[in-house]
Each structure stands twice: as C-alpha cells, then as structure tokens.
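Engineer: sequence below, structure please.
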Amino acid sequence: HQQAPGVRAELSQEPAHAMRRALAAGAVDLAITPVRPDGAYAWTTLQHERLVLIVPPTHRLRTRKRIDLRDLATEELVTTPLGFGFRTLVDGLLADAGVTMTVSFESADLATIEGLVAAGLGVAVVPEAFVGLSGTVGVALTGANARRTVGMTWRTDRELEPAAARFRDFVVQWDATSPD
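Structural biologist: Residues are numbered from 1 along each chain as shown. All right, here's what the predicted structure looks like:
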C-alpha cells in the first residue's frame, strides 16, 4: 500500500446478483464481474480467459488433447454455487452442448475447485490458469464459446470515493497499456 497507505480494501467473493445489489445500494464502490450490469454502470475489461476441462492426474480423459462437452455427460462436475457468474457461464456452455451433469461439489473459489478435482472428486471447467495447481491435467474444450471475460464495474450516477476513483483510474490506465 505504498501508493495509498491509509486506504483499506476489502475483497469479497459473492454471487453476481449480490455484487450488483451491493453496487446499487452503495455498499461497495467497485466490483469485479463477468458481465457489465445493465443501467448506470461503467465497465472496463480486465482479462479474457480460455476455459479448459481439468481432470485428476489418473482420470481416463487425462491424455486427450481436446474434448467436446458432450463427452462429459457421465462425469461428476465440481463447480461454483448457483448464482455465481461463473456457474451461469458453465451451465450455459453445458446447456448449449445438450449436457446435464451431476454436481458433486461446489465452491466459490476456483483454486479450491481445482484441488477438489485433483483429489478425484470430479471434473471441472475452469480458466486455463488454474490447470495443474494441485496436479490436475488440462484438456482443451472444443468450441469458440469456451472463454470468459472478467471486468471491473462501477456506478456512473454518483461520484466514487477518492480512493476508489484513484484505484479505478489506475486499473483503467493499466488495462489500456497492457498487451492483450
């Protein structure tokens, strides 16, 4: 916190609808979300991520280079809880593929999901950066929709607190100068 030693930031992992409610109520100034909320909100993209299937290191699919989601109908899924933007994304990908999977475990934290998969408790669709953290194996997903975008949003109908505005400006400038 060398740039702002007196500023305190709080990180909270909540479902997308809870983050929108907190923004609307003014309980938070900024939110990291998978989509830009409708209404009086601004948005800046932070990153685009390729999604992959992760499997335990001894799983039958570990040697596959690519997999179609339709091939996962008999697998158990480890994913985020209902209401989380990431769950909505994964459920949408599965629905588009005509697949309904049994959910074996849920966690709000993608690193925890990766650990549960490494322990043999199911398979998961996660951003590629999570592959192998605990020994999982990543398998590319077929289809151009196997991606997610993450961005930062804030209200445009009221002024941000000065510290939040400085942080937003830093992130927007950083995003504009970082390579894709």
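
Engineer: what's near enough to touch the nearest residue to residue 154 once chain neighbours are set aside?
Structural biologist: Sequence neighbours aside, residue 30 is the residue nearest to residue 154 in space, at 5.1 Å (criterion: CB to CB, 6 or more residues apart in numbering). For every residue, glycine as well, the C-beta is placed using N, CA and C. Shown here is residue 30, whose contacts under the criterion CB atoms under 8 Å, 6 or more residues apart in numbering are 152, 153, 154, 160, 164, 167, 168.

Engineer: just the residues you listed: which are in helices?
Structural biologist: Residues of the contacts of residue 30 located in helices (DSSP state H): 164, 167, 168.

Engineer: by neighbours, which of the residues you listed wins?
Structural biologist: For the ones in helices among the contacts of residue 30, counting by other CB atoms under 10 Å, the largest number of neighbours falls to residue 167: 20 neighbours.

Engineer: from residue 143, how far off is that one?
Structural biologist: Spatial separation of residue 167 from residue 143 under the definition CB to CB, to the nearest Å is 35 Å.

Engineer: on that earlier part again, rebuild the contacts of residue 30 as a markdown table, extending it with distance to residue 174 and pLDDT.
Structural biologist: Formatted as a markdown table, the entries for these read as follows, by distance: CB to CB, whole Å; pLDDT from 0 to 100:
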| residue | distance to residue 174 | pLDDT |
| --- | --- | --- |
| 152 | 11 | 93 |
| 153 | 16 | 93 |
| 154 | 15 | 95 |
| 160 | 17 | 93 |
| 164 | 15 | 92 |
| 167 | 10 | 89 |
| 168 | 11 | 92 |
